[in-house]
Every structure is written in C-alpha cells, then in structure tokens.
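sequence unknown, structure follows:
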C-alpha cells in the first residue's frame, strides 16, 4: 500500500491505496461528496449549523447518509460529514477496482482491509494515548473506525472524553455516534449506551465503542482485538 495525503479546505485525509490511479479515484469520490455537501449548505445554511437531526428538501446519496446518521444518533447531519466523505472516497476506489484501501479523514476512517492492519488511537494527554492499537482482520466489507474527542482537534464537542472510538459497518453512522457518545458519556453516566442499543446497534451500523477518559477506559459491545503498540505521531492525519 502507498500512503497519500489529500487536503482540500476542511477535508484533510490520509489515503492508503495500491497505486496512484486508485488514489485519484478516491480523491475524485471525496471531492464529489464535498461538492454535494457544499451545494446543500448553499441552498439551506441551517443544514450546516444545526446540532439536531434535520432533513433538507433535497440531497444526493451523501446527504441522505448524513441525514440518516444524524437521525439515528440524535445529532446534526454535519456530525457525520467526515465519515460520509471518507465512505464516498472508498467506494470510488472500489468502483475503480480496489480490493483494499483506507481513507482516514481526520480520525474518521473508512477501510476495506484486504489484509490485517493495526489502527492506533491518539487521545491527547491521556496516559493511554498511543500505547495500543486495534487489530483489524481482513474483510471483504467496508469497516468504519470513527473517533471523536473533547480534548483533541478543532471539532465542536460538548463532552469531556479524550477519545471515543466507534466501530461499525456504516462510516457516516459511526461518525455521528462518536460525536453523540462523546457529547454525553461520562464515567458516571453510561446512559447513552441504552439509546445506542436500541437504534444503530439494532440496525447493524455500530458494533462497539471504546472510550478514554484520562487513565480510564470504557468499552461497550464488540471491539477488535487490542495489542500493545507505540503509535508514530507522524502517521496522525493532520494539515500540512
């Protein structure tokens, strides 16, 4: 696999692809999804700003995925934009012939693991940050690994977690639920998992959650096997 950096406005992504042609397919897919989102925002600015589920009057596949994800998780549709754009890029790679590939859109990852791979979690100043990785076994289906944080990055968060990572099969839903869980979860209040159990988990979109609060970790559902690791900070997706 070759590693590529893609950056356009707010979209900052690492693309793992077999060759340049598949990378360009992924880039084109992400750009088409971005343009769809931008057109929706231009026609309906409330789509951009709302923190609550919202359904605009029009929208293509990416918008509909974001709307459905927001409705499932109880958040605004933009909470799923990074996962939805990564998903569109990975699908474009697959349509171009890719049998494997990864798009990490600022910590929201859509992957088609044709071989085993490890994904490390960066959780800011937590002593658990960068100390372990999740092993993703080979799969012929798209897998989502999406992370939200109240202490790392520029995204708006109403919570306190250093990292909330959601595993599933739907990158838009995993992204939206990572935001929703990070907003509500505390070590003293796990109630958000009851709502998750009745919606995204029941639909098969979310399989498991791993959350970090300082030196405390909370897990829910089924998560990939963990192993000790030292995460290379140079591999973290960030702007040039």
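Good, I have the coordinates. This one's a predicted model, so the numbers in the text were calculated from it and none came from an experiment.

Disregarding flanking residues, what is the spatial nearest neighbour of residue 226?
residue 132 (5.3 Å; C-beta to C-beta, 6 or more residues apart in numbering). In short, each C-beta sits where N, CA and C put it, glycine included.

Look at the one you found and report its pLDDT.
Per-residue confidence (pLDDT) for residue 132: 90.

With residue 161 instead?
89.

Over to residue 158?
For residue 158, the model assigns a pLDDT of 70.

was I right about it contacting residue 185?
No - using C-beta atoms under 8 Å, residue 158 makes no contact with residue 185, being 10.8 Å away.

Show me where this structure has its helices.
Secondary structure of the chain by DSSP state H: the helices cover 20-43, 46-49, 61-73, 81-95, 171-184, 192-197, 200-203.

re the thing from before, between residue 158 and residue 185, which one's more packed in?
residue 185 (24 against 12; other C-beta atoms under 10 Å).

Name the nearest residue to that one, sequence neighbours excluded.
Nearest in space to residue 185, with sequence neighbours left out and distances taken as C-beta to C-beta, 6+ apart, is residue 192 at 5.3 Å.

so where's this structure shaky on pLDDT?
The model of the chain has pLDDT under 70 over residues 152-157, 200-202, 235, 238-240.

hmm, try it at 80
The chain contains residues with pLDDT under 80 at 151-159, 198-204, 231-240.

residues touching the closest residue to residue 59 other than its chain neighbours, list them.
Excluding the flanking residues, the one nearest residue 59 by C-beta to C-beta, 6+ apart is residue 40, at 5.5 Å. Shown in contact with residue 40 (C-beta atoms under 8 Å, 6 or more residues apart in numbering): 47, 56, 58-59, 63.
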